[in-house]
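Participant: Provide a 3D model corresponding to the input given below.
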Amino acid sequence: MPTLSEKHEVLSGLNRQDAAAIVALIDLKTEDDMEKVLNKLDFMTQNFDARLDAFEKSVDARISSFEKSVDARFSSFENSVDARISSFENSVDARFSAIDTKINAIYWFIGITTTVAVAAAKFL
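Facilitator: Residues are numbered from 1 along each chain as shown. Here you go, the predicted model:
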């Protein structure tokens, strides 16, 4: 890249009117190039925004899917635990009912034995 002094030497070799015309042409070219750069930056920004939106939608969809999966698993786990607890309660209830029946049978046996013993004692 030429230095500033080299550029000055080239421009000083030209008459003032030609130098002004060349500088004006360079300004026009630079302005045109800057517009192209700005348009390219706008395009890149729009492209980046579109990709970011697509990424955000993808992440939202994955999170939603994950939440549904976790909810389904917890629901299944909850149903399994509820079924096991219900089965355990039924088993405990059946055992207590059997114990209650045996206790009632023992009361009846003691009552009948006592009644027979009292009746036998009266007859003797």
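Participant: Helices of the chain, residue ranges please.
Facilitator: Along the chain, counting by DSSP state H, helices occupy 4-12, 16-123.
Participant: Take those and write them to CSV, including mean neighbour count and mean pLDDT.
Facilitator: C-betas here are computed from N, CA, C, even on glycine. Converted to CSV, those look like this (neighbours: other Cβ atoms under 10 Å; pLDDT from 0 to 100):
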stretch, mean neighbour count, mean pLDDT
helix 4-12, 10, 76
helix 16-123, 10, 93
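Participant: Geometric centre of the chain: which residue is closest?
Facilitator: Most central in the chain under Cα atoms, centre = their mean is residue 63, positioned 3.4 Å from the mean C-alpha point.
Participant: so who does that one touch?
Facilitator: Shown in contact with residue 63 (Cβ atoms under 8 Å, 6 or more residues apart in numbering): no residues.
Participant: Distance-wise, check it relative to residue 51.
Facilitator: Applying Cβ to Cβ, to the nearest Å, the value for residue 63 to residue 51 is 19 Å.
Participant: Likewise for residue 69?
Facilitator: 27 Å.
Participant: cool, residue 31 as well?
Facilitator: Per Cβ to Cβ, residue 31 is found 30 Å from residue 51.
Participant: repeat for residue 74
Facilitator: 34 Å.
Participant: and what of residue 123?
Facilitator: Going from residue 123 to residue 51 by Cβ to Cβ gives 107 Å.
Participant: can you check residue 6 too?
Facilitator: For residue 6 relative to residue 51 (Cβ to Cβ), the value is 44 Å.
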